[in-house]
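Chemist: got a sequence here, can you model it:
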Amino acid sequence: MTNLHRVPNRLINEKSPYLLQHAYNPIDWYTWNNEAFEKAKTENKPIFLSIGYSTCHWCHVMERESFEDEEIADILNKHFISIKVDREERPDIDHIYMTVCQTMTGHGGWPLTVVMTPDKEPFFSGTYFPKTGRGGMPGLKEILLNIARLWEKDRQKVLHSGKQITESLKHHLSREQSPSELDESVLHDAYRQLEQDFDPVYGGFGRAPKFPIPHNLYFLLRYWKIYGEEKALEMVEKTLRHMFQGGIYDHIGCGFSRYSTDEKWLVPHFEKMLYDNALLAIAYLEAYQATKKELYKEVAEEILTYIRRDMVSPEGGFYSAEDADSEGIEGKFYIWTPEEVKNILGTIEGEEFCRFYDISDRGNFEGKNIPNLIGKENLSQRKVFHAQRNKLFNHREKRIHPFKDDKILTSWNGLMIAAMSLAGRVFRNDIWTKTAAEGADFILKKLRNKDGRLLARFRKGEAAYLGYIDDYAFLIWGLIELYQAGFASKYLLEALKLSHDLILRFEDKERGGFFLYGDDGEHLIARPKEVYDGATPSGNSVTALNFLRLARLTGQQEWEEKAHAIFKALGESVKRYPAGYTFLLMSYLFSLGPTQEIVLSGDLSSTEGQEMIDILRTRFLPHTITLKADPVLAETIPLVKEYPSKGNKATAYICHNFSCQAPTTDPGEMLGKIQ
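Modeler: Numbers count the residues shown, from 1 in each chain. Modelled structure (predicted):
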């Protein structure tokens, strides 16, 4: 961002990269704090709230057009108290006011623009606005002046509108939480909705713009596994293949962009988010387990290689995102001309590379080219171009890089810990498990306060903001996966401790389920529950599966009861549109069984022990949980004492829904008993 206004505003003291991007705006920005609201009350001014994040393209556009503009700044500074919020630091604020925007306008997105009373009651909302009106879109200047006039001349009408909208918001949030029991039919309804929404040509769901939505694929893989529906597996494979072929995948440097603007997955919104790459890595890993197709293994490894190379802090935490823009131009870092490619690779190799990766004089993106493999049948041929891709990557590294958001979010780190752990287990590669463990150790050490309360964000030595449900849910998920990868008991014990804390701080004891923020958090105009499985699965959905897995790992049925309370609390919402809750339904499918618990004891480093572990690594067993009978766990999980080894030999107990068969020391016999 350009710093045309050289006098910093108060955002200069913040750690958030997004807030710092606005630190030289001529606007008198406040952060979300009591000082801002008290000033608004004292001066009888409305609040102008702007919410975004550091790698948001249209946030950058609105800043260049409006927030760096002296005329807009004069209007805001004279008539409003202006507040900037980083949605990734304050998802509680973002969730509430995004719900308002979607209810009032029928759509949402970032930048999110809200005007509200000093009591935080909203009366106007929208997303991106240009400075002046164009193409039927009102301009920010006229909007602000009209609101200022209305506030001055008919303030009571505005205040009344704000109260009505706030009451409507509270009713909307409580209506979504009416309890209702789920049954198996909702799983089939979700499958049929996904089938109807599926793109049979390019994969994915819905029309452009297309988002990956990896948890749809998780659900479909399990639906295929349990019900034998081959079409479900076909949808997963077509989607994974076409996403990889498209320009949404970075064929030079690896990793996925956030979404595609077209149906073919060709033109991405070029920002790369940690959460997308974590969730997609898991999808490719599970598809590899299910099909044994090497392509899925290769893509998963490339995604995680990109993360280890570019997105890991020196302390072990994972950075949040990389921007779509460089040098003020969206996608500039990622696009090529044939001439550039031939200059780097030579004429013959360059022409071959351009033919294979769709790089032409005509171009496929604003006269230049996004490398892609759309329409290619033989994807294994890409291995021929491995050296050339490396040369282009090394050349690209010399370009001006997109901005990197180097804050570390507990929630998104939890997702990447889960992905790295699963990769370590599936590929039997300690480098991924080690990377996951370093990330987990960093979070557990640096993102807790003195009372042990999980915190949400770390940057430049500062941990801040009380953790939200996603921080707990996603980290617990990651810790359970990390335990499954190497049986280090401390990670299972931490998962249990955090789960107890989650219940203490977040549970809705009246209706079931869990609130977005804790009872020790800031009191906002509503206390919502995140229930919809959107770009990431909801904290409630992930918590349900976490608790079910903990029930199997510990034999403690209260965890299962809490999971069923979540299903009941969200049941009515799920039944209205099951395909919008695929992670929750994946959890529900787990609860219906059949599940199996495998307890390993004795010398697992022996040949037989390693064979047993390999059997579990290589198969797609989504409803299987593995526990190592470790004396360290005995105090917390007494049942581990019930699984002694035979003469210290590697011994496996195969249990189905808590009912165990006779133990075996024979890997072949173990394989025969696994469902």
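
Chemist: surely D119 and I165 touch.
Modeler: No. With contact defined as C-beta atoms under 8 Å, D119 and I165 do not form a contacting pair (11.9 Å). Quick note: C-beta positions are derived from backbone N, CA and C, even for glycine.

Chemist: which one of those two has more residues nearby?
Modeler: Between D119 and I165, counted using other C-beta atoms under 10 Å, I165 has the larger neighbour count: 20 against 14.

Chemist: my guess is that one contacts T99. True?
Modeler: No. Using C-beta under 8 Å, I165 is not in contact with T99, being 10.6 Å away.

Chemist: quick one, helices of the stretch 101-250 of the chain?
Modeler: Assigned by DSSP state H, counting those that start in this stretch, the helices in the stretch 101-250 of the chain fall at 140-153, 155-175, 185-197, 214-227, 230-245.

Chemist: dump the third one to CSV, keeping only the CA atoms.
Modeler: In this case it means helix 185-197. These are the backbone C-alpha positions of helix 185-197, laid out as CSV (Å, rounded to 0.1, in the frame of the first residue of the first chain):
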residue,chain,number,x,y,z
SER,A,185,-32.3,-39.2,6.1
VAL,A,186,-30.5,-35.9,6.4
LEU,A,187,-27.3,-37.5,5.1
HIS,A,188,-29.1,-38.7,2.0
ASP,A,189,-30.7,-35.3,1.5
ALA,A,190,-27.2,-33.7,1.7
TYR,A,191,-25.9,-36.1,-0.9
ARG,A,192,-28.7,-35.4,-3.3
GLN,A,193,-28.3,-31.7,-2.9
LEU,A,194,-24.6,-31.9,-3.6
GLU,A,195,-25.3,-34.2,-6.6
GLN,A,196,-27.7,-31.6,-8.0
ASP,A,197,-25.2,-28.8,-7.4
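
Chemist: partner strands of the helix or strand bottoming out on mean pLDDT in the chain, with direction?
Modeler: Lowest on mean pLDDT, DSSP states H and E among the helices and strands of the chain sits strand 659-660, with a mean of 79. Partners of strand 659-660 in the sheet, by DSSP bridges, are strand 651-656 (antiparallel).

Chemist: quick check: mean pLDDT of the strand it pairs with?
Modeler: The pLDDT scores in strand 651-656 average 91.

Chemist: buried residues, it. List them.
Modeler: T651, A652, Y653, I654, C655 (16 or more other C-beta atoms under 10 Å).

Chemist: distance to E507 added to the residues you listed, as JSON lines?
Modeler: Converted to JSON lines, those look like this (distance: C-beta to C-beta, whole Å):
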{"residue": "T651", "distance to E507": "38"}
{"residue": "A652", "distance to E507": "36"}
{"residue": "Y653", "distance to E507": "33"}
{"residue": "I654", "distance to E507": "34"}
{"residue": "C655", "distance to E507": "29"}
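
Chemist: just name the closest of the residues you listed to R382, please.
Modeler: Nearest to R382, judged by C-beta to C-beta, of the buried residues of strand 651-656 is A652 at 39.9 Å.

Chemist: start and end of stretch 237-256, how far apart?
Modeler: 17 Å (C-alpha to C-alpha, to the nearest Å).

Chemist: could you do stretch 528-540 as well?
Modeler: So stretch 528-540: terminal residues 12 Å apart, C-alpha to C-alpha.

Chemist: residues in contact with that stretch?
Modeler: 95-96, 99, 173, 176-177, 211, 213, 215, 275-276, 279, 411, 415, 468-470, 472-474, 508, 513-516, 541, 566, 569-570, 573, 580-584 (C-beta atoms under 8 Å, 6 or more residues apart in numbering).

Chemist: got a PyMOL select line for the buried ones in those residues?
Modeler: Here is the PyMOL command that picks out the buried ones among the contacts of stretch 528-540, judged by 16+ other C-beta under 10 Å:
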select buried, resi 95+96+99+173+176+177+211+213+215+275+276+279+411+415+468+469+470+472+473+474+508+513+514+515+516+541+566+569+570+573+580+581+582+583+584
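
Chemist: so of the contacts of stretch 528-540, which ones are in helices?
Modeler: 95-96, 99, 173, 215, 275-276, 279, 411, 415, 469-470, 472-474, 541, 566, 569-570, 573, 582-584 (DSSP state H).

Chemist: where do the strands sit along the stretch 251-400 of the chain?
Modeler: Taking DSSP state E, counting those that start in this stretch as the criterion, the stretch 251-400 of the chain carries its strands at 259-260, 268-269, 272-273, 321-322, 325-326, 329-330.

Chemist: shaky segments in the stretch 251-400 of the chain?
Modeler: Applying pLDDT under 70 to the stretch 251-400 of the chain picks out no residues at all.

Chemist: hmm, back to that, which of the helices of the stretch 101-250 of the chain has the lowest mean pLDDT?
Modeler: Among these, helix 155-175 scores lowest, at a mean of 88.

Chemist: flag every buried residue along it.
Modeler: So helix 155-175, judged by 16+ other C-beta under 10 Å, has buried residues V158, L159, S161, G162, I165, T166, L169, L173.

Chemist: restricting to C-alpha, output it in PDB.
Modeler: This file holds the C-alpha atoms of helix 155-175, laid out as PDB (Å, rounded to 0.1, in the frame of the first residue of the first chain):
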ATOM      1  CA  ARG A 155     -31.700  11.100  14.400                       C
ATOM      2  CA  GLN A 156     -34.600   9.400  16.200                       C
ATOM      3  CA  LYS A 157     -35.600   7.600  13.000                       C
ATOM      4  CA  VAL A 158     -32.100   6.300  12.600                       C
ATOM      5  CA  LEU A 159     -31.800   5.200  16.200                       C
ATOM      6  CA  HIS A 160     -35.200   3.400  15.900                       C
ATOM      7  CA  SER A 161     -34.000   1.700  12.800                       C
ATOM      8  CA  GLY A 162     -30.800   0.500  14.500                       C
ATOM      9  CA  LYS A 163     -32.800  -0.900  17.400                       C
ATOM     10  CA  GLN A 164     -35.200  -2.700  15.000                       C
ATOM     11  CA  ILE A 165     -32.300  -4.200  13.100                       C
ATOM     12  CA  THR A 166     -30.500  -5.300  16.300                       C
ATOM     13  CA  GLU A 167     -33.700  -7.000  17.600                       C
ATOM     14  CA  SER A 168     -34.200  -8.700  14.200                       C
ATOM     15  CA  LEU A 169     -30.600  -9.900  14.400                       C
ATOM     16  CA  LYS A 170     -31.100 -11.400  17.800                       C
ATOM     17  CA  HIS A 171     -34.300 -13.100  16.700                       C
ATOM     18  CA  HIS A 172     -32.600 -14.500  13.500                       C
ATOM     19  CA  LEU A 173     -29.700 -15.900  15.600                       C
ATOM     20  CA  SER A 174     -32.000 -17.500  18.100                       C
ATOM     21  CA  ARG A 175     -34.300 -18.900  15.500                       C
END
